[in-house]
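Fold the following, please.
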Amino acid sequence: MSNPMPRRPEPEAMDIPAEAEAYDRADFAAVNQAFVDRLLEVAGEAPRARAIDLGTGPGDIPIRLLRARPGWRVTAVDVSEAMLSLARANVERADLARSIELVLADAKGGGMPAVPFDVIFSNSIVHHITDVAAFWAQLKRLGRKGTVVFLRDLARPACQADAHDIVDRYAREEAVVLQEEFYRSLLSAYTVEEVQAQLAAAGLDGLEVAMCSDRHWDVWGRLGKG
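Numbers count the residues shown, from 1 in each chain. Below you'll find the model as predicted:
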């Protein structure tokens, strides 16, 4: 993409209760299930794995993942207590508290677990982060050689009009507060070219990045020696 509109960073933590609750009530069933399906394609048939979800939000993706892979164990991390409170209730309702550990921590470093994981995944965290170098360094620290990585996030549109069109196309039935958050997130997102540069700077050459929809990119692969 040539001359993309400048990125407009948004707050890293989605910690306003009204926004978190609107996010939890929104219908993300199809996109979350598509994320889990693709994650399992990338990870293969492993019946057991220790995984970490960076930016779990209300916890729907780990719940869907554990239903498909009951032998997995997931550490679900979020920097927002408002989101983790919702995730706690959702995990307990799904009777998965023994399989999903919820952790209040910053994905760039503070309070994160120290042990390496078999699988690292995240849905829509990178657009919240401005210090991306710290984030990618933390991702490397959380894994080891061969760790599966799968991230999906928003891609910044070419202009504000395109961002408005995307919000209208995919969120017109959602609460106004969620539409506003979606718009800010699109303007705060990174382009594929920017993510490619981030991965190269972090020494994550084993990971690929490509658009997977009209508004999302994927990063996937396995960690190498670095």
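
use CA for all of it now, contacts and neighbours both
Will do.

show me where pLDDT drops low in the protein?
1-3, 13-16, 18, 20, 22-24, 26-27, 225-226 (pLDDT under 70).

the strands in it, which residues?
Applying DSSP state E to the chain gives strands spanning 50-54, 73-78, 100-104, 119-123, 148-154, 207-211, 216-222.

Can you redo those as a markdown table, where the extra columns are distance to residue 113 and mean neighbour count?
A markdown table is the format used below for the strands of the chain (distance: least, C-alpha to C-alpha, whole Å; neighbours: other C-alpha atoms under 10 Å):
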| stretch | distance to residue 113 | mean neighbour count |
| --- | --- | --- |
| strand 50-54 | 9 | 23 |
| strand 73-78 | 9 | 23 |
| strand 100-104 | 9 | 19 |
| strand 119-123 | 12 | 23 |
| strand 148-154 | 17 | 24 |
| strand 207-211 | 22 | 17 |
| strand 216-222 | 20 | 21 |
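
Looking at these, spot the one closest to residue 9.
Closest to residue 9 of these, according to C-alpha to C-alpha: strand 148-154, at 13.1 Å.

what sits up against whichever helix in the chain runs longest?
For the chain, the longest helix by residue count, based on DSSP state H, is helix 29-43. For helix 29-43, contacts defined as C-alpha atoms under 8 Å, 6 or more residues apart in numbering pick out 60, 61, 64, 65, 119, 121, 123, 148, 150, 152, 220, 221.

Quick test: name the residue nearest the centre of this structure.
Residue closest to the average C-alpha location in the chain (C-alpha atoms, centre = their mean): residue 123, at 2.1 Å.

Just give the nearest non-adjacent residue to it, would you?
Leaving out its chain neighbours, the residue that sits closest to residue 123 by C-alpha to C-alpha, 6 or more residues apart in numbering is residue 152, at 5.0 Å.

Same question for residue 8.
In space, residue 8 comes closest to residue 188 once its chain neighbours are excluded; the distance is 4.8 Å by C-alpha to C-alpha, 6+ apart.

where's residue 41 relative to residue 124, distance?
As judged by C-alpha to C-alpha, to the nearest Å, residue 41 and residue 124 stand 19 Å apart.

more crowded one of these two?
residue 124 (19 against 10; other C-alpha atoms under 10 Å).

Quick check: that one touching residue 150?
No. Applying C-alpha atoms under 8 Å as the test, residue 124 and residue 150 come out as separate, 11.3 Å apart.

intersection of neighbour lists for these two?
Joint contacts of residue 124 and residue 150 (C-alpha under 8 Å, 6+ apart) do not exist.

coming back round to it: ok, now how distant is the residue nearest to the centre of the chain from residue 136?
15 Å.
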